[in-house]
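Colleague: next come a sequence and a model predicted from it.
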Amino acid sequence: MSTTAPSELYYDPYDFEIDDDPYPVWKRLRDEAPLYYNERYDFYALSRFEDVEEALRDWQTFSSAKGTLLELIKADIELPPGTFIFEDPPAHDLHRGLMSRVFTPRRMAAIEPDVRAFCARSLDPLVGSDGFDVIADLGAQVPMRTIGMLLGIPESDQEALRDKIDDGLKLAEGDEMPTLSEGFTELGQAELFEEYIDYRYEHPGDDVMTDLITAEYTDVDGVRRRLTREEALGYINLIAAAGNETTNRLIGWTAWLLAQHPDQRRAVHEDRSLVNNTIEEVLRYEPPSPVQGRYVTRDVELHGTTVPEGSTMLLLNASANRDHRVFDDPDRFDVRREIGHHLSFGHGIHFCLGAALARLEGRVVLDELLSRFPDWEVDHERAVRGRTSTVRGWESLPIHL
């Protein structure tokens, strides 16, 4: 009797074949190499829940100040002002605090009827059809419209802005580590929003953009002031980019997983009190943003190995969400699962400020979808995966009704 030797353990965030289903590789990392080193791209990776959670919490050792993407950290470039997700305290706390003052629970609650109305307008014409594309008709639309409403950007301009941002994030087949001369620069181009912010300086409104340019705060030097135009543009770029892509992927994964598990879909259709927990289970099971990069600021010992200062560490939060040390039967999708907490929105001081908005959009879309279409199947032949280095999910997801 012959035995097959296990394949070499290899994880590569730019490998499309791995990206199609990274969970077997991540399970091997958790079991065989909880601290993994990739020589090709010179990064370390943590994959177990306890390790990832602690590293997310320890911002002093695992810094976001050089970015949270592997290619961004390696590029070692100066990041745009106001990008607080790429900052550490004290600047992070000041800038995040300013954002939290305008990104309030009150504003999130106030926008829900508008999000629900947009979903209804999008879905009602599809009733009685043979099917539609969940991404084109919902995933790419709802987050864009929601962010546009919050920022006060005219509906007629929202789609073009979304497309410009999304194009800057895509990976092409055969890409290795992407360069940032186009991708990140496109994401950070102030000119995308210059016309709108200049209009708001002259014509204030009841929107996040107006709140950002008029809010006063005390900066790190103790000076009471408002954001500069450049800083405000950085905030707006961040909101628009972060709010579109990841929530788009959340909507896609929700439709995909409920198609793959029709018994779970029927359960949620019959008991809408499960909608919120369903979204949490989707987030745990298929996080739209599965990998977070950090810069290591000091020598740190992990699993018997010293990770040297100046290293790049990838925190595999999607792997952590499938860790059997924390979740029973973690590869089972269960809308009734008692989750506790997952790491899909991060942890600690960099916990995603837009988490409440993403959850709101996810549950509203699911509720409105189930109200009109209790059953659907994915058209696997036409479904297309999206490829970026930052998020994971579907670029096109046609369904049959």
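Modeller: Thanks, I have it.
Colleague: tell me the helices and strands packed up against the strand or helix carrying residue 195.
Modeller: In this assignment (DSSP states H and E), residue 195 forms part of helix 194-202. With contacts taken as 3 or more Cβ pairs under 8 Å, 6 or more residues apart in numbering; DSSP states H and E, helix 194-202 sits against helix 208-214, helix 229-260. In this view, the C-beta of every residue, glycine as well, is placed from N, C-alpha and C.
Colleague: so which of these is the most packed in?
Modeller: Comparing these by mean neighbour count (mean count of other Cβ atoms under 10 Å), helix 229-260 comes out on top with a mean of 23.
Colleague: right, and the helix or strand after it?
Modeller: Note on helix 229-260: by DSSP H and E, the next helix or strand toward the C-terminus is helix 262-270.
Colleague: just the buried positions in that next one, please.
Modeller: By neighbour count on 16 or more other Cβ atoms under 10 Å, the buried set for helix 262-270 is 264, 265, 267, 268, 269.
Colleague: now the strands for this structure?
Modeller: Secondary structure of the chain (DSSP state E): strands located at 35-38, 43-46, 62-63, 131-133, 216-218, 224-226, 292-296, 300-302, 305-307, 312-315, 377-378, 384-387, 392-396, 398-400.
Colleague: for stretch 318-332, measure first residue to last.
Modeller: Stretch 318-332 has an end-to-end distance of 14 Å (Cα to Cα, to the nearest Å).
Colleague: which parts of that stretch are buried?
Modeller: For stretch 318-332, the neighbour count (16+ other Cβ under 10 Å) marks 318, 319, 320, 321, 322, 323, 326, 327, 330 as buried.
Colleague: picking up where we left off before, nearest to residue 252 among the buried residues of helix 262-270?
Modeller: residue 265 (15.0 Å; Cβ to Cβ).
Colleague: surely that closest one and residue 254 touch.
Modeller: No. Residue 265 is beyond contact range of residue 254, at 9.9 Å (criterion: Cβ atoms under 8 Å).
Colleague: poorly predicted segments of the chain, please.
Modeller: 1-6, 80-82, 158-191 (pLDDT under 70).
Colleague: let's see that with 50 instead.
Modeller: Residue ranges of the chain with pLDDT under 50: 1-5, 168-169, 171, 181-189.
Colleague: now distance to residue 20 and mean neighbour count too, for the strands of the chain, in a markdown table please.
Modeller: A markdown table is the format used below for the strands of the chain (distance: least, Cβ to Cβ, whole Å; neighbours: other Cβ atoms under 10 Å):
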| stretch | distance to residue 20 | mean neighbour count |
| --- | --- | --- |
| strand 35-38 | 19 | 17 |
| strand 43-46 | 19 | 24 |
| strand 62-63 | 28 | 23 |
| strand 131-133 | 20 | 19 |
| strand 216-218 | 45 | 11 |
| strand 224-226 | 47 | 11 |
| strand 292-296 | 21 | 23 |
| strand 300-302 | 29 | 14 |
| strand 305-307 | 29 | 14 |
| strand 312-315 | 18 | 25 |
| strand 377-378 | 15 | 16 |
| strand 384-387 | 7 | 16 |
| strand 392-396 | 10 | 21 |
| strand 398-400 | 18 | 18 |
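Colleague: between these, which one is closest to residue 233.
Modeller: Ranking the strands of the chain by proximity to residue 233 (Cβ to Cβ) places strand 224-226 first, at 13.3 Å.
Colleague: which elements pack onto that closest one?
Modeller: In terms of contacts (3+ Cβ pairs under 8 Å, 6+ apart), strand 224-226 is packed against strand 216-218.
Colleague: give me the helices and strands touching the strand it packs on, please.
Modeller: Under the contact criterion of 3+ Cβ pairs under 8 Å, 6+ apart, strand 216-218 touches helix 91-102, strand 224-226.
Colleague: pairing partners for it, with directions?
Modeller: Strand 216-218 pairs in its sheet with strand 224-226 (antiparallel), by DSSP bridges.
Colleague: apart from its neighbours in sequence, what residue is nearest residue 124?
Modeller: residue 372 (7.5 Å; Cβ to Cβ, 6 or more residues apart in numbering).
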